[in-house]
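1. model the following, please.
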Amino acid sequence: MKYLQSIKMITVVCFLLIALSCDKKHNDFIPLEHMTFTNAYYKNAVKVSYYILIDNPEPTESVLKKEIIKYIENRLKNNKVLIKPETFSLNFVFYRKTNNTSYFITNKESAGELLGEEISHYQQDFIANYVVSKCGKGTIEKIYLYNLPEETVVNKNCDK
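-> The predicted structure follows:
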C-alpha cells in the first residue's frame, strides 16, 4: 500500500514539474544597447535606432502589441534623447529571440564584411517597429507589427 502511495506521489510531482516547465513566461524584452545607432540625415533630423529581442513573444497579436506599447512607455520615461533639438525620431526595432538573433546579445553587427552578420538578415524573426517622431509642438507614435499596416498609437499635438 505504501509503495502505491509513493508511486502516486512521484507521479503528481512529475506532472507538476512538467506543467510548470511548459508555462514559459511570455515577452521577456532584451535590449541590445551595444547595437544602438544614430543616423544624421540633416542637421536637425537625427534618428536614433534601438534593437530589442523578445524571448518567447506572446502569440496573440493584440496582447503582443499591448506589451510592446507598455515596454516603450517605460523606455520613454527615462529617455532624454528625444528632448535634444536635433533628434527627430526614435525607432525601436523588435526581433524574436532565436538561435540566429541570440548572436547579437553579445556581438555587434559586422556589416560590410565578407561573411558579415546583420540582424536584418533574419527577417523571419522580425516582429515590429515602433517609431516616435516629433511633429510641430508634439510627437506621434506608430507601430508597424509584422507586415500589417502602420497604426498610430499616440498623437500629441500633431496634425492628422
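
2. going by C-alpha atoms from here, please, whenever you check contacts or count neighbours.
-> Noted.

3. geometric centre of this structure: which residue is closest?
-> Central residue of the chain (CA atoms, centre = their mean): residue 94, 3.5 Å from the mean position.

4. contact partners for residue 55?
-> By CA atoms under 8 Å, 6 or more residues apart in numbering, residue 55 lies in contact with 26, 27, 28, 29, 30, 96, 97, 98.

5. you'd agree the residue nearest to the centre of the chain is in a helix?
-> No - counting by DSSP: H, G, I helix; E, B strand; the rest coil, residue 94 falls outside a helix, being strand.

6. return the subset of the contacts of residue 55 lying in strands.
-> Applying DSSP state E to the contacts of residue 55, the entries found in strands are 28, 29, 30, 96.

7. top of those by neighbour count?
-> Neighbour counts for the ones in strands among the contacts of residue 55 (other CA atoms under 10 Å) peak at residue 96, which has 24 neighbours.

8. that one reaches residue 126, doesn't it?
-> Yes - contact criterion CA atoms under 8 Å: residue 96 and residue 126 qualify, at 6.3 Å.

9. so the residue nearest to the centre of the chain is in contact with residue 51, correct?
-> Yes - the pair residue 94 and residue 51 passes the contact test of CA under 8 Å, sitting 6.1 Å apart.

10. mind giving me JSON lines with the ones in strands among the contacts of residue 55 and columns for pLDDT and distance to residue 60?
-> Putting the ones in strands among the contacts of residue 55 into JSON lines (pLDDT from 0 to 100; distance: CA to CA, whole Å) gives the following:
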{"residue": "28", "pLDDT": "93", "distance to residue 60": "15"}
{"residue": "29", "pLDDT": "96", "distance to residue 60": "16"}
{"residue": "30", "pLDDT": "96", "distance to residue 60": "20"}
{"residue": "96", "pLDDT": "96", "distance to residue 60": "14"}
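
11. between the residues you listed, which is nearest residue 70?
-> Nearest to residue 70, judged by CA to CA, of the ones in strands among the contacts of residue 55 is residue 29 at 11.2 Å.
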